[in-house]
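>>> missing the sequence, but the structure's below:
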């Protein structure tokens, strides 16, 4: 992976043997219309695009389906199990998604609490084990708890996706230490999923050294989703490059940038 | 014997022709069989087999597709 300058050379972003050209993944929910969504995804530069599995609406328009608006040859469609509250439900949705989709990848969510949409880690681990056994490449949405992340890796997950903050909250990266520690300890890719609100959140998140970010509401709920998508693309690249560049040490006192010698009497 | 049977499609009771296959059910709802995934009594039925599976009274059928999500 190349960056804008050739002094910083990035390693490829690989999940379960597949190389992706962008470290920014985006969702397709909650856009005011499909045209805005398509333009925002374009501006984001994302390759991985998430979708959800739902019942076909038998009585209304048949335009609710998303595939008319996304070129499946251009984007890598990553189905999620959003809305599932048990391991069994998540496994059921994942299997339906595999049938509807084009790959074995699934973004696994098992939600444990309606208000915060925080994950049910026990259900998550159960579902992850079942799906891995079934041949899925599981990207597991989890909290920023190290031990859960380690267990998910042990279960065979292809990537672990700790949250920055609750889904759709836009509160930004609440626990940089937790996310950084997960990244330091895991071998599989760590992709932060959920909670990023604006470009500085994305940049700060990437500066922790994580492999990528998945976001949806930050784009869909921005006043101008296309412009925000562009900003996020730059922020992810900036944060990644800053991580690779290695930041200066912090210190509690000032240190002059200009020479102390040569001052006038 | 009535010519129709009652089944549950996406959680709603519907009347369909006796002896109809899943493929016929999908088509009768004006859906493109290539654009939906069919679950029949909790078992996924792949597209090539839709025309081989006959629907029975009381069967639960789910028709799903991809929608926007995060």
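Sure, I can see it. None of these values were measured; they are calculated from a predicted model. Numbering: from 1, shown residues only, chains lettered A, B, ... in the order given.
>>> So what sits opposite the residue of the stretch 1-150 of chain A found nearest chain B in the bridge?
Here the stretch 1-150 of chain A gets closest to chain B at one residue, residue A:52, 2.6 Å apart by C-beta to the nearest C-beta. C-betas here are computed from N, CA, C, even on glycine. Beta-bridge partners recorded for residue A:52 (DSSP bridges): residue B:67.
>>> Let me see the contact set for the closest residue to residue A:169 other than its chain neighbours.
Sequence neighbours aside, residue A:195 is the residue nearest to residue A:169 in space, at 5.5 Å (criterion: C-beta to C-beta, 6 or more residues apart in numbering or on different chains). Residues in contact with residue A:195 (C-beta atoms under 8 Å, 6 or more residues apart in numbering or on different chains) are A:163, A:164, A:165, A:166, A:167, A:169, A:170, A:171, A:172, A:173, A:174, A:201.
>>> at 6 Å instead, please
A:163, A:164, A:165, A:169, A:171 (C-beta atoms under 6 Å, 6 or more residues apart in numbering or on different chains).
>>> What is the burial count for residue A:252?
Neighbour count of residue A:252, defined by other C-beta atoms under 10 Å in any protein chain shown: 4.
>>> Residue A:240 should be in a helix, yeah?
Yes - using DSSP: H, G, I helix; E, B strand; the rest coil, the assignment for residue A:240 is a helix.
>>> And it, how close does it get to chain B?
From residue A:240 across to chain B, the span is 21 Å (C-beta to the nearest C-beta, to the nearest Å).
>>> Quick one: neighbours of residue A:251, just the number.
Around residue A:251 there are 7 residues (other C-beta under 10 Å).
>>> Check the secondary structure at it for me.
coil.
>>> Go ahead and flag the most central residue of chain A.
Taking C-alpha atoms, centre = their mean, the centroid of chain A lies closest to residue A:214, which sits 2.0 Å from it.
>>> one step back: quick one: secondary structure of the residue nearest to residue A:169?
Secondary structure, three-state DSSP: residue A:195 is coil.
>>> Could you turn the buried ones of the contacts of residue A:195 into a PyMOL selection?
Buried residues within these, by 16 or more other C-beta atoms under 10 Å in any protein chain shown, are selected in PyMOL with:
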select buried, chain A and resi 163+164+165+169
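>>> quick one: the strands in the chain?
Using chain A. A:13-15, A:18-20, A:24-26, A:48-55, A:76-80, A:105-108, A:137-142, A:159-162, A:191-193, A:212-215 (DSSP state E).
>>> hm, I was asking about chain B
B:4-9, B:12-17, B:37-40, B:43-45, B:60-68.
>>> mean confidence score for the last one?
Per-residue confidence for strand B:60-68 averages out to 94 on the pLDDT scale.
>>> Low-confidence regions, the chain specifically.
I went with chain A, as the question did not name one. Applying pLDDT under 70 to chain A picks out residues A:1-8, A:60-64.
>>> that's the wrong chain, I wanted chain B
For chain B, the stretches with pLDDT under 70 are B:1.
>>> from it, which residue is nearest to chain A?
Counting by C-beta to the nearest C-beta, chain B gets nearest to chain A through residue B:69 (2.6 Å).
>>> circling back to that earlier point, which of the contacts of residue A:195 lies closest to residue B:23?
The closest of the contacts of residue A:195 to residue B:23 turns out to be residue A:163 (C-beta to C-beta; 41.8 Å).
>>> Leaving out chain neighbours, which residue sits closest to the closest one?
residue A:194 (4.4 Å).
>>> picking that back up, which one of the strands of chain A lies nearest to residue B:38?
strand A:48-55 (11.6 Å).
>>> Just want the angle from that closest one to strand B:60-68.
Per axes from the mean of the first three to the mean of the last three C-alpha atoms, to 10 degrees, the angle that strand A:48-55 makes with strand B:60-68 is 150 degrees.
>>> can you pull out the helices in the stretch 51-200 of chain A?
Listed in chain order, the helices found in the stretch 51-200 of chain A under DSSP state H, counting those that start in this stretch are A:87-100, A:121-133, A:146-154, A:176-185, A:199-207.
>>> Remind me what the first one packs against, helices and strands.
Contacts of helix A:87-100 with other secondary structure elements, assessed using 3 or more C-beta pairs under 6 Å, 6 or more residues apart in numbering or on different chains; DSSP states H and E, are made with strand A:48-55, helix A:121-133, strand B:37-40.
>>> could I get the ones you listed as TSV with distance to residue A:86 and mean neighbour count?
What follows is the helices and strands packed on helix A:87-100, written out as TSV (distance: least, C-beta to C-beta, whole Å; neighbours: other C-beta atoms under 10 Å in any protein chain shown):
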stretch	distance to residue A:86	mean neighbour count
strand A:48-55	15	24
helix A:121-133	6	21
strand B:37-40	17	21
